[in-house]
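S.K.: when you get a sec, could you give me coordinates for this:
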Amino acid sequence: MKRISRRGVLAALGVGAVGTVALTGCASLQAVGSQGTSSASAGGVTNGYLAADSLHSVEITVDQSAYQEMITAYTSNQTKNWIEATVTVDGVAHEKAGLKLKGNSSLQGISADTAPQQLPWLVRFDKFVDGANHEGMTRMVIRAGATTSALNEAVALDLLATTGLASEKAAHISLSVNGSDPVLRLTCQDLDESWVAQNFDVAGLLYKAESTGDYTYRGTDESAYKDVFDQETGKANLTPLIEFLQFINESSDADFQSGLAQRVDVDKMVTYLAFEDVIDNFDDITGPGNNSFLWWAEQANQMTVVAWDHNCAFGLKPGAGVGQRWHGDGGQPPGGGGQPSGDGSAPSNGQAPTGQPPGGAGGQQPGGGGGQQPGGGGGQQPGGGGSQTKANALVDRFNSLMDGETKVSAERDRLKQELYTSGVAQTILDARAKVLTDQAGSLIEQSAVEADKQTIAAYFTK
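M.R.: Next comes the predicted model:
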C-alpha cells in the first residue's frame, strides 16, 4: 500500500489548515430550494457533502402534532414514517424536506418527551419535492453519537477513507429543532444512489444488513428476507443476495475455498476486518447490530463488504437508547491515563415540541465486561463474547477454512503502520478536534474535546 502523507490525507478529505472558517463564503454557489427555485448559498459543500473543516448550522422546524404522530407510530410498532419539515442548512431554508427517524438500538427508550435534537434523523431534501437539494446534496444522516464530540466516529470514517475502502463523508453540525438550544451532532452521508456513484464505477446493487437479521440462508422466497436485508439502490432484485447467502452457508468446504474469491472481493474483506480491529470497533459485521452493507458488482457477480456505523469506534460500547452518552470502559483510553468527557451525558438543553425535557437519564454505564485492547489477535471482536457478537457464516468459514485470522492479523499490522505509526491518524484527529475547539466552543467544553482526543490518540501508540 502506498504511504499516505499527512498533507495528502487532508487534501483528500477536504480538511485543510483549519482555523476559524467563515460559513458565509462561496457566494457563487447556488442551492436549489425546496420550491424548485435557486437561492443564494452560504457555501460549505465540497465533493458532494458538507465540508469537514467547518461547523455547520442545521435548524429543523416541524409541526408538533406531526412529530408526535411520528413518535407514536414508532413507539407502537417501530414504524418510521416520513414527515415534512423546514430544514435550514447554513442559512439556506428548504421547505417541505423529508424527515424520518434513523437507527435501531439508538432509538431505544424514545418517548413523546424525548428532545428531538437528541434523536438520530435521516433528512431528504427531495422526499416531497422532486429535484430539491442543498448545493447538490439530497440527503444527510444525523448520527446518534456515543460521545458528545463524536470525534471517534468522525476520525474512524476519515481513516476508513484512507484505506481505499468505501467510506462516508462526515461533518459536525450545530443542530436546533423547533427553536431549541443548539447541540453538537455529527452528520454523514446516507448510502444511496449518489453515494454509490461516488464510490463505485460499475453497475450493481446495494443491500443493507438489518440489525434484526444475519447472514444465514433462508431459502429462495424473497419474503423470508424482509427483516434481514433491505435493498437500497437499483431495481428490486434480491436474487444476487440470496445466491450469495446460499453459497457462503451451504457450499461444501472445498467449493467455499475454491469459489470464495469469485464471489467476494476477499482483499477488501480482509482490509475491512483488520480495520475494524485496528479502530477497536466490535459493533461490525459480527457485532450485535449486524452493521454492514453488501455491494454487488453486476458484471463481476461479486460482493464487497461495506463498513457502516462507527459510533462505537475506539473502544466505546453500544448505547442503551436516546440521550445515553458514555465512554467505553469508564472513559479510560487503552492503557489508562485518560478522563471521561464531562459526565458522559448528552447535552440536555432545549425542549421537545411538547415542552418536556429529554426522556431517560444519560451517562449510565452499559452492563457487561470490558473490551479487548486494540489489535487483539485471533480475529476476536473487542468486547466480544456472549450477546455482544453475532455469528457470521462468511467470516466464520473464511477463518476456519482459509486461515482468515492469519491474513487479517497481517493486514492489521500493515494498517497500524500506515495509519498510526505514520502519523496520518494523528493529523486527522488534530484537524477534526480543531474544528470543535475553534468553532464549537458554545456547544462543548474544550476540556471534553481534549479528553476525547486523548482517548483516541492512545490507540495510535499501541
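
S.K.: now do the closest residue to residue 66 other than its chain neighbours against residue 93, distance only.
M.R.: Leaving aside its chain neighbours, residue 66 sits nearest to residue 83 (4.6 Å; criterion: C-beta to C-beta, 6 or more residues apart in numbering). Where you see a C-beta, it was placed from the backbone N, CA and C, and this is true even at glycine. The gap separating residue 83 from residue 93 is 17 Å, by C-beta to C-beta, to the nearest Å.

S.K.: which one of those two is surrounded by more residues?
M.R.: residue 83 (19 against 15; other C-beta atoms under 10 Å).

S.K.: show me the contacts for the more buried one.
M.R.: Shown in contact with residue 83 (C-beta atoms under 8 Å, 6 or more residues apart in numbering): 62, 63, 66, 67, 69, 70, 98, 99, 100.

S.K.: bridging residues for it?
M.R.: Beta-bridge pairing for residue 83 (DSSP bridges): residue 99.

S.K.: what's the helix or strand for residue 408?
M.R.: helix 404-415 (DSSP states H and E).

S.K.: centroid-nearest residue for the protein?
M.R.: residue 309 (3.5 Å; C-alpha atoms, centre = their mean).

S.K.: can you tell me how far residue 287 is from residue 297?
M.R.: Taken as C-beta to C-beta, the span from residue 287 to residue 297 is 25 Å.

S.K.: comparing those two, which residue is more hemmed in?
M.R.: It is residue 287, of residue 287 and residue 297, that has more neighbours when counted by other C-beta under 10 Å, with 24 against 17.

S.K.: same list (the contacts of residue 83) but as TSV, adding pLDDT, distance to residue 459 and neighbour count.
M.R.: Listed next are the contacts of residue 83 as TSV, based on pLDDT from 0 to 100; distance: C-beta to C-beta, whole Å; neighbours: other C-beta atoms under 10 Å:
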residue	pLDDT	distance to residue 459	neighbour count
62	97	39	20
63	97	44	15
66	96	43	16
67	96	39	21
69	96	44	13
70	97	39	21
98	98	38	21
99	98	35	27
100	97	34	16
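
S.K.: hmm, back to that, and the pLDDT at the residue nearest to residue 66?
M.R.: For residue 83, the model assigns a pLDDT of 98.

S.K.: residue contacts, residue 257?
M.R.: For residue 257, the contacting residues are 401, 402, by C-beta under 8 Å, 6+ apart.

S.K.: one more pass at 6 Å, please.
M.R.: residue 401 (C-beta atoms under 6 Å, 6 or more residues apart in numbering).

S.K.: surely it is within a helix?
M.R.: Yes: counting by DSSP: H, G, I helix; E, B strand; the rest coil, residue 257 is located in a helix.

S.K.: quick one: it and residue 217, what's the gap?
M.R.: For residue 257, the distance to residue 217 - C-beta to C-beta - is 18 Å.

S.K.: and the helices in the stretch 101-250 of the chain, which stretches?
M.R.: Along the stretch 101-250 of the chain, counting by DSSP state H, counting those that start in this stretch, helices occupy 151-162, 193-199, 239-250.

S.K.: and the residue lying farthest from the centre of the chain, which of the three is it?
M.R.: Most distant from the centre of the chain: residue 254, at 36.2 Å, with distances by C-alpha atoms, centre = their mean. Under the three-state scheme (three-state DSSP), residue 254 adopts helix.

S.K.: longest helix of the chain?
M.R.: helix 424-439 (DSSP state H).

S.K.: name the residues of whichever helix or strand comes after that one that are buried.
M.R.: Heading C-terminal from helix 424-439, the first helix or strand you meet, by DSSP H and E, is helix 446-457. Buried residues in helix 446-457, defined by neighbour count with 16 or more other C-beta atoms under 10 Å: 448, 449, 450, 451, 452, 453, 455, 456, 457.

S.K.: report the rounded mean pLDDT for helix 446-457.
M.R.: Helix 446-457 shows a mean pLDDT of 97.

S.K.: please enumerate the strands of the stretch 51-200 of the chain.
M.R.: 56-62, 83-89, 92-101, 121-124, 139-142, 170-177, 183-188 (DSSP state E, counting those that start in this stretch).

S.K.: in JSON lines: those strands, plus distance to residue 157.
M.R.: What follows is the strands of the stretch 51-200 of the chain, written out as JSON lines (distance: least, C-beta to C-beta, whole Å):
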{"stretch": "strand 56-62", "distance to residue 157": "16"}
{"stretch": "strand 83-89", "distance to residue 157": "20"}
{"stretch": "strand 92-101", "distance to residue 157": "22"}
{"stretch": "strand 121-124", "distance to residue 157": "17"}
{"stretch": "strand 139-142", "distance to residue 157": "12"}
{"stretch": "strand 170-177", "distance to residue 157": "5"}
{"stretch": "strand 183-188", "distance to residue 157": "7"}
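
S.K.: of all these, which one is nearest residue 412?
M.R.: strand 170-177 (23.6 Å; C-beta to C-beta).

S.K.: quick check: angle from that closest one to strand 83-89?
M.R.: If you take axes from the mean of the first three to the mean of the last three C-alpha atoms, to 10 degrees, strand 170-177 sits at 120 degrees to strand 83-89.

S.K.: from residue 148, how far off is residue 280?
M.R.: For residue 280, the distance to residue 148 - C-beta to C-beta - is 19 Å.

S.K.: what does residue 123 give?
M.R.: Distance from residue 123 to residue 148, by C-beta to C-beta: 21 Å.

S.K.: I figured residue 238 hits residue 222, correct?
M.R.: Yes: Residue 238 lies in contact with residue 222 (C-beta atoms under 6 Å); the separation is 4.7 Å.

S.K.: coming back round to it: from the contacts of residue 83, which single one is nearest residue 173?
M.R.: residue 99 (14.6 Å).

S.K.: so where do the strands sit in the stretch 251-400 of the chain?
M.R.: Using DSSP E, counting those that start in this stretch, strands in the stretch 251-400 of the chain cover 293-297, 302-306.

S.K.: need the ones you listed in JSON lines (columns: mean pLDDT and distance to residue 208).
M.R.: Output for those, formatted as JSON lines (pLDDT from 0 to 100; distance: least, C-beta to C-beta, whole Å):
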{"stretch": "strand 293-297", "mean pLDDT": "97", "distance to residue 208": "5"}
{"stretch": "strand 302-306", "mean pLDDT": "97", "distance to residue 208": "9"}
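
S.K.: pick the most buried one from those.
M.R.: Stretch with highest mean neighbour count among the strands of the stretch 251-400 of the chain: strand 302-306 (a mean of 24; mean count of other C-beta atoms under 10 Å).
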